[in-house]
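Asker: build me a model:
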Amino acid sequence: MARGVCDGLHLSAEERAAVGDRVLYVSERARTGPLFLSLVVAPLLAKHRPDILRIDPLLAYLGGDVNDAETTAGFLRTGLNPLLEEYGCAVIINHHTPKVINRDTSGWRGSDWMYAGAGSADLTNWCRAALVIDPTHAGHVFRFHAAKRGGRIGWRGDDDQRVYERLFCHDTDGGLYWREASDDDLLAVETSKPRRRSSSKTKEDLRALVPIQGAIPKAALFSLAQTNGVGGEKRLRGFLAELIATGDSSSGGFQGPRPTLK
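Answerer: Here you go, the predicted model:
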């Protein structure tokens, strides 16, 4: 992954050497929670005095229930914060959104994205800023949302106004790295969106469910229509209004005795 980033940024040999000198990767596969902070993080900060510590991902090292505010506060506030203060170090923590979600984010404001991560809201309350990566229907293109304190990230649009969302691509052409989305990538996002199916049902499908004889309550008719896939309540009300307006709900629209609605 590191080589992919260097290739994507077109770093020179001297710059790659500088990266090698200044970036340290440590793999930890056993310790979590307070033990991770005291036996792994604290000694590393004391030895290397880095400007930025990166923990990836949070769930691998938290050592408890991410939904429990006491657990997250114990790790972030009681355990990690004093170390950052002592060694003058910033931290970037990678955290995941819930794995199985069916939520419509189309109407979300930028501030709503702050709480997109799994677990306690205390995670968002603790962090100074939050950047959320959300997939699009084009598999290689992702939306970056400058959620918490997004105005400080410095993103500007063509009109030099602040923007809080940009699209980037997870490129694997010769290496793994992020690049800004091109016009072709933006087109891929639009063309990959699933098309809404247009219903072929009409008011005649609703009329066909009205019994030839007797009466049927409107609620029962709507329930029967929904079971048969004629439409939702709003659509059914529209069909019913059309039938009444055109007289199709009276005997003139049917063969046989006049059907009635309650």
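
Asker: when you work out contacts or count neighbours from here on, use the C-alpha atoms and nothing else.
Answerer: Will do.

Asker: select the longest helix from this structure.
Answerer: Looking across the chain with DSSP state H, the single longest helix is helix 233-245.

Asker: hmm, who's touching that one?
Answerer: 202-203, 206-207, 222, 225-226, 230, 249-250 (CA atoms under 8 Å, 6 or more residues apart in numbering).

Asker: generate a ChimeraX selection restricted to the buried subset of those residues.
Answerer: Entered in ChimeraX, the line below selects the buried ones among those, by 16 or more other CA atoms under 10 Å:
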select :203,206,207,222,225,230,249
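
Asker: now render the contacts of helix 233-245 as a markdown table, adding secondary structure, pLDDT and distance to residue 190.
Answerer: Formatted as a markdown table, the contacts of helix 233-245 follow (DSSP: H, G, I helix; E, B strand; the rest coil; pLDDT from 0 to 100; distance: CA to CA, whole Å):
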| residue | secondary structure | pLDDT | distance to residue 190 |
| --- | --- | --- | --- |
| 202 | coil | 85 | 30 |
| 203 | helix | 83 | 33 |
| 206 | helix | 85 | 35 |
| 207 | helix | 83 | 38 |
| 222 | helix | 81 | 35 |
| 225 | helix | 83 | 34 |
| 226 | helix | 80 | 31 |
| 230 | coil | 84 | 29 |
| 249 | coil | 55 | 42 |
| 250 | coil | 48 | 46 |
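
Asker: residue 170 touches residue 179, doesn't it?
Answerer: Yes. Counting by CA atoms under 8 Å, residue 170 touches residue 179, with 6.8 Å between them.

Asker: tally of neighbours for residue 13?
Answerer: Residue 13: 10 surrounding residues under other CA atoms under 10 Å.

Asker: please report how far it lies from residue 225.
Answerer: Remark: distance between residue 13 and residue 225 (CA to CA, to the nearest Å) = 69 Å.

Asker: the helices in the stretch 151-262 of the chain, which residues?
Answerer: Along the stretch 151-262 of the chain, the stretches classed as helices by DSSP state H, counting those that start in this stretch are 183-192, 203-207, 218-227, 233-245.

Asker: quick one: low-confidence parts of this protein?
Answerer: For the chain, the stretches with pLDDT under 70 are 100-102, 172, 174, 195-199, 247-262.

Asker: change it to 50
Answerer: The chain contains residues with pLDDT under 50 at 250-260, 262.

Asker: quick one, strands of it?
Answerer: 52-55, 90-93, 130-135, 141-148, 165-171, 177-180, 215-216, 260-261 (DSSP state E).

Asker: got the contact list for the residue nearest the centre of the chain?
Answerer: Nearest residue to the geometric centre of the chain (CA atoms, centre = their mean): residue 134, 4.5 Å. Residue 134 makes contact with 142-145, according to CA under 8 Å, 6+ apart.

Asker: make CSV from these and add neighbour count and distance to residue 43 to it.
Answerer: Below are the contacts of residue 134 laid out as CSV (neighbours: other CA atoms under 10 Å; distance: CA to CA, whole Å):
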residue, neighbour count, distance to residue 43
142, 22, 36
143, 16, 36
144, 16, 34
145, 22, 34
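
Asker: for residue 187, state which of these is nearest.
Answerer: residue 142 (13.1 Å; CA to CA).

Asker: residue 208 is in contact with residue 230, correct?
Answerer: No. Applying CA under 8 Å, one finds residue 230 not in contact with residue 208, separated by 10.7 Å.

Asker: in stretch 180-191, which residues are buried?
Answerer: Applying 16+ other CA under 10 Å to stretch 180-191 flags 181, 185, 188-189 as buried.

Asker: can you show me the CA trace of it as PDB?
Answerer: The C-alpha trace of stretch 180-191 is given here as PDB (Å, rounded to 0.1, in the frame of the first residue of the first chain):
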ATOM      1  CA  GLU A 180      -9.400  12.900  -7.600                       C
ATOM      2  CA  ALA A 181     -12.300  11.800  -9.700                       C
ATOM      3  CA  SER A 182     -12.200  12.800 -13.300                       C
ATOM      4  CA  ASP A 183     -15.200  13.700 -15.500                       C
ATOM      5  CA  ASP A 184     -15.300  10.100 -16.700                       C
ATOM      6  CA  ASP A 185     -15.500   8.900 -13.200                       C
ATOM      7  CA  LEU A 186     -18.300  11.300 -12.400                       C
ATOM      8  CA  LEU A 187     -20.200  10.000 -15.500                       C
ATOM      9  CA  ALA A 188     -19.600   6.500 -14.200                       C
ATOM     10  CA  VAL A 189     -21.300   7.400 -10.900                       C
ATOM     11  CA  GLU A 190     -24.400   8.700 -12.700                       C
ATOM     12  CA  THR A 191     -24.700   5.900 -15.200                       C
END
